[in-house]
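no letters, just coordinates:
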């Protein structure tokens with residue numbers, strides 16, 4: 001019998017998706033993803049199946065595609081399929097085949113999600129996948145974030161099978177005689193993850209037969225420690241980071257009194273693109289190298305006599321796009337903005353990448369640009385004004401990502417919409433609105 005009640009409890013406990021939402025289930029044909037869609041069906045959730053054929057295993061890949069198509073027909077749900085020339089993509093971008101497949105599938109899943117109005121993308125990771133991920137991170141080197149394992153929810157991506165172990169899934173498949181496809185590449189130890197799965201974990205289970213449950217208990221502790229660290233870092237950051245125009249300062253004396261020094265300094269600076277090694281170099285230079293400069297992709301940090309000066313490199317956020325009244329689209333970095341003028345007061349719901357704005361409040365030309373220090377807005381549904389920098393912190397957006405987020409700015413300088421996140425309350429559609437302008441963002445390569 002399928003553990004439907006446990007499945008629903010896990011989904012609700014972690015707020016993975018609403019019962020009235022529509023889920024895009026990524027299905028390879030393997031036992032994990034097959035169990036996932038049977039659970040989705042039995043629990044009564046609305047979903048569609050998405051399958052990627054990476055054209056890597058000849059007839060076997062085509063057989064997986066046929067199986068998934070039949071499974072979707074059997075369950076009576078929409079089926080989405082695509083084929084990728086994975087090897088050519090990997091060669092062109094000078095990346096591994098595995099990384100190419102990962103990049104291609106995630107991009108395609110998000111395209112389907114947006115186009116077909118799915119509210120979440122469900123992947124079939126389970127408890128053993130989490131164990132493998134943690135062990136890989138430990139082998140390669142990791143901070144505390146690498147110990148929290150695979151999270152149940154990361155943005156639109158959800159993992160509703162994390163309450164099950166691989167052994168439990170195998171028992172369900174066998175006991176219920178559910179058909180699935182076996183990926184022959186799972187049996188090779190050529191890949192590091194497979195080597196851990198096939199050789200390392202069986203040895204660990206000899207030492208601790210309840211390995212999955214032990215790891216699950218440890219994950220709770222690791223995630224709580226990570227939350228505590230992030231809370232303390234945010235609190236310290238507000239205390240020691242001083243904003244001065246477009247620069248940020250940290251007094252060297254404050255750095256000297258940080259404990260543990262390298263961990264906390266790195267935690268301050270990693271969102272600006274600096275690594276642990278650079279944090280160590282900065283600490284070593286505090287008393288002897290005034291004027292030394294450290295650089296990341298978008299920022300530089302200058303060691304002054306009594307302070308560290310952090311500032312953005314020239315040209316990293318100066319991109320501005322002008323939007324005139326008759327324009328129907330605009331491009332900003334990796335986004336395309338579509339603009340629709342409508343005579344009826346339509347309200348876009350459940351799509352953070354689109355927004356309806358009261359057209360009479362728009363003052364042209366509008367602009368699209370990155371955020372700047374001092375930018376403020378009134379978040380939708382609130383009364384008070386909020387700094388956009390504080391809003392980004394509350395959303396836990398890394399700074400190197402913040403510069404990529406387009407801000408839609410009115411002709412009077414007001415920030416109308418933080419693209420993909422939140423509009424300004426002043427520009428919302430109300431009962432008095434006669435005409436709207438709808439702005440919709442789409443990621444482009």
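Good, I have the coordinates. Here the structure is a predicted model, which means the values were calculated and not measured. Numbering: from 1, shown residues only.

output the below-cut-off pLDDT ranges for the stretch 151-300 of the chain.
184-191, 244-246, 289 (pLDDT under 70).

skipping adjacent residues, who's closest to residue 281 in space?
Sequence neighbours aside, residue 294 is the residue nearest to residue 281 in space, at 6.8 Å (criterion: Cβ to Cβ, 6 or more residues apart in numbering). Using the backbone N, CA and C atoms, a C-beta is placed for each residue, glycine as well.

where does the one you found land in three-state SS?
strand (DSSP: H, G, I helix; E, B strand; the rest coil).

burial count for it?
Residue neighbour count, defined by other Cβ atoms under 10 Å, stands at 18 for residue 294.

I'd say it and residue 309 touch.
No. At 10.7 Å, residue 294 does not count as touching residue 309 under the criterion of Cβ atoms under 8 Å.

any shared contact partners between those two?
residue 301 (Cβ atoms under 8 Å, 6 or more residues apart in numbering).

let me see the ranges of the strands in the stretch 1-150 of the chain.
For the stretch 1-150 of the chain, the strands defined by DSSP state E, counting those that start in this stretch occupy 22-26, 46-53, 79-83, 120-122.

possible to save those strands as TSV with distance to residue 217, mean pLDDT and mean neighbour count?
Shown next, in TSV, are the strands of the stretch 1-150 of the chain (distance: least, Cβ to Cβ, whole Å; pLDDT from 0 to 100; neighbours: other Cβ atoms under 10 Å):
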stretch	distance to residue 217	mean pLDDT	mean neighbour count
strand 22-26	28	96	24
strand 46-53	31	97	22
strand 79-83	38	96	17
strand 120-122	25	95	25
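
which one, of the ones you listed, ends up nearest to residue 70?
strand 79-83 (9.3 Å; Cβ to Cβ).

tell me the phi and psi of the residue nearest to residue 330 when sequence neighbours are not counted?
Spatial nearest neighbour of residue 330, chain neighbours left out: residue 337 (4.5 Å); criterion: Cβ to Cβ, 6+ apart. Main-chain torsions, residue 337, degrees, to the nearest 10: phi -100, psi 120.

name all residues that make contact with residue 337.
Neighbours of residue 337 in contact, by Cβ under 8 Å, 6+ apart: 323, 329, 330, 331, 368, 406, 408, 419, 439, 440, 441.

name the element the third one belongs to?
I take that to be residue 330. strand 329-332 (DSSP states H and E).

please report how far residue 158 lies from residue 131.
19 Å (Cβ to Cβ, to the nearest Å).

now swap in residue 84 and tell me
For residue 84 relative to residue 131 (Cβ to Cβ), the value is 29 Å.

then residue 240?
According to Cβ to Cβ, residue 240 stands 37 Å off from residue 131.

more crowded one of the two?
residue 131 (27 against 18).

which residues touch the closest residue to the more buried one other than its chain neighbours?
Distances taken as Cβ to Cβ, 6+ apart place residue 215 nearest to residue 131, at 5.0 Å, with adjacent residues excluded. Taking Cβ under 8 Å, 6+ apart, we find residue 215 in contact with 127, 130, 131, 134, 149.

thought the first one was touching residue 164?
Yes. Taking contacts as Cβ under 8 Å, residue 127 lies within contact range of residue 164: 6.5 Å.
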